[in-house]
Every structure is written in structure tokens, then in C-alpha cells.
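Novice: Below are the sequence and a predicted model; questions follow.
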Amino acid sequence: MVERKKENMEIDLMRLLFLYLRKWWLILLCAIIGGGIMYFYTANFVTPMYQAGVTIYVNNIESGQQIDYISGSNLTASQQLVSTYVNIIRSDTVLEKVADSMEMDISAEYIRSIMSASQVGETELFDVYISHPDPEMAALIANAVAEVAPGEIESFVEGSSTKIVDYAKVPESPYSPSYRKNIMLGAAVGVVLIVAILTVRDLLDVRIKREEDLLEISDLPVLGRIPVFTSGKGQKR
């Protein structure tokens, strides 16, 4: 009985596979429709976001201090300070002064919501990115952070310093949304939906179409079958 069930399960899977192959045109059509819907939605209802960023270098040496060389321990300490600097730059104390320096109707909470900061690999550098629908505003806020944050950070962490490696430039193209990813997502959703519909319809279809269907519901032998005749014009009868 167990072997019979396993055999039936394999037959069912093969039947579903052949069903998908027969309906390849429908699956492809649903993928195109799903991708088209996501393209239309992205183009008309998703606001493009621009990203501008600054790169800041962290040094475990006080600003203005003269040294002959930078030791490995200084580099290691600088790398460890980066995570501290990232947290400080997101604080209310720093961002409120950034907002005040811009002399605009903008709050520290808003800057924090559109700002991201992360270490560049395992180096002494970290990037600060600002995401905004207006590319000029994104660059303006990022550069304001670059002007205010280093001095404020140095006041918190004594014996260290920072330098701006790169200031923000006005981005020429949006970084979000990604049309390619959204179209592929829409196509994948379309394929999953049509495959699920085809599978459910096949599983709920209780009509007897093949000899195997009779064997699944009865142990009686099949005595014969009616063949499908084809006329000279290729039409089935």
C-alpha cells in the first residue's frame, strides 16, 4: 500500500509538470502582465528617491597634533572608533545643530529619518547618506552634516579627529526605485499565482480522464479503452 501511494504521488507530480508545460504560454502571459503592472505602478505611484553622501575619515589622533608615522595600533583604534562616531552623528545633539545651521524648516528627527551611516568595510572611513525626493536638497543636507558633525564629534571623543574625504554632489539619477527589480518581482508574482491556480484546478478536478485515474479509486482491472481516431485532415474524433 505504501509503495502504491508513492507511485501515485510520483504520477501526480509528473502530471502537474506536463500540465505546466502545456500551459507555458499562459504562464508566460501572466509573467508579462505581472511585470507590466509593476512597471506601471512604479512609474506612476512610487516617488523617485535621490541619494547624496559624504565620506568621513576617523583618526585616533587629536587634530593639529604632529606625528612621525601612524602605527598599527592607531589604525586599529580608529577603526574601533567608527561605530562610536556613527552613533554620535545620529544623536539629537548633532542633528539639531545641523538643522539650525541650514536655517530651514527642518527638524533633527526628519534628518535622522532620511539619513543612513555605515562603516566602509573594516577601514577608518564611514559614509553618511541622505535620501530625498529632491536631489539638490539631498546634497545640501549631506554637506550640512559634513560641516557640523566633525566638530561636534571631536568634542565628545577627546583625543581624536575627523576629516572630510568627499563632500556630497548633486545626484543626477535616482537610486530608488529599481525598475528592473520591481518588474522581476511582478513577473514572479504572476508566475506563482497562475501556477497555484493551475495546480488547484487540477487537484480539484475529479473527472476520470485516464486509466491511472480508475486504478487510483478501484482495484478492478481495466478491460479495454476506446482509442482516439484521427481523420485525414488531422481532426480528432
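Specialist: Here it is on my side, so go on.

Novice: Where does G186 sit: helix, strand or coil?
Specialist: Here G186 takes the helix state, with states given by DSSP: H, G, I helix; E, B strand; the rest coil.

Novice: residues touching it, list them.
Specialist: By C-beta atoms under 8 Å, 6 or more residues apart in numbering, the contact list for G186 reads 34-39. The way it works is simple: take the backbone N, C-alpha and C, and place the C-beta from them, glycine included.

Novice: how far away is the residue nearest the centre of the chain from L193?
Specialist: Nearest residue to the geometric centre of the chain (C-alpha atoms, centre = their mean): K181, 7.8 Å. To L193, K181 is 19 Å away according to C-beta to C-beta, to the nearest Å.

Novice: mean confidence for stretch 116-131?
Specialist: Taken as a whole, stretch 116-131 has an average pLDDT of 88.

Novice: what about dumping the CA coordinates of it to CSV?
Specialist: Extracted C-alpha coordinates of stretch 116-131, given in CSV (Å, rounded to 0.1, in the frame of the first residue of the first chain):
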residue,chain,number,x,y,z
SER,A,116,21.9,56.4,7.0
ALA,A,117,25.5,56.0,8.2
SER,A,118,27.8,52.9,8.0
GLN,A,119,31.5,52.0,8.1
VAL,A,120,33.3,51.4,4.8
GLY,A,121,34.4,47.8,5.1
GLU,A,122,36.9,47.5,8.0
THR,A,123,38.5,50.8,7.4
GLU,A,124,38.7,54.1,9.3
LEU,A,125,36.1,55.6,6.9
PHE,A,126,32.4,55.8,7.2
ASP,A,127,29.7,57.1,4.8
VAL,A,128,26.8,59.3,5.6
TYR,A,129,23.9,59.2,3.1
ILE,A,130,20.9,61.4,2.7
SER,A,131,17.9,60.2,0.8
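
Novice: Okay, buried residues for that stretch please.
Specialist: For stretch 116-131, burial by neighbour count (16 or more other C-beta atoms under 10 Å) applies to 117, 119, 124-131.

Novice: where's the residue nearest to the centre of the chain, which helix or strand?
Specialist: K181 belongs to helix 179-204 when elements are defined using DSSP states H and E.

Novice: Could you tell me how far that helix lies from the centre of the chain?
Specialist: 19 Å (C-alpha atoms, centre = their mean, to the nearest Å).

Novice: buried residues in it?
Specialist: 182-183, 186-187, 189-191, 194-195, 198.

Novice: got JSON lines for those residues, with pLDDT and distance to P171 too?
Specialist: Conversion of the buried residues of helix 179-204 to JSON lines gives the following (pLDDT from 0 to 100; distance: C-beta to C-beta, whole Å):
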{"residue": "N182", "pLDDT": "94", "distance to P171": "20"}
{"residue": "I183", "pLDDT": "95", "distance to P171": "22"}
{"residue": "G186", "pLDDT": "95", "distance to P171": "26"}
{"residue": "A187", "pLDDT": "96", "distance to P171": "28"}
{"residue": "V189", "pLDDT": "96", "distance to P171": "30"}
{"residue": "G190", "pLDDT": "95", "distance to P171": "32"}
{"residue": "V191", "pLDDT": "96", "distance to P171": "34"}
{"residue": "I194", "pLDDT": "95", "distance to P171": "39"}
{"residue": "V195", "pLDDT": "94", "distance to P171": "40"}
{"residue": "L198", "pLDDT": "91", "distance to P171": "44"}
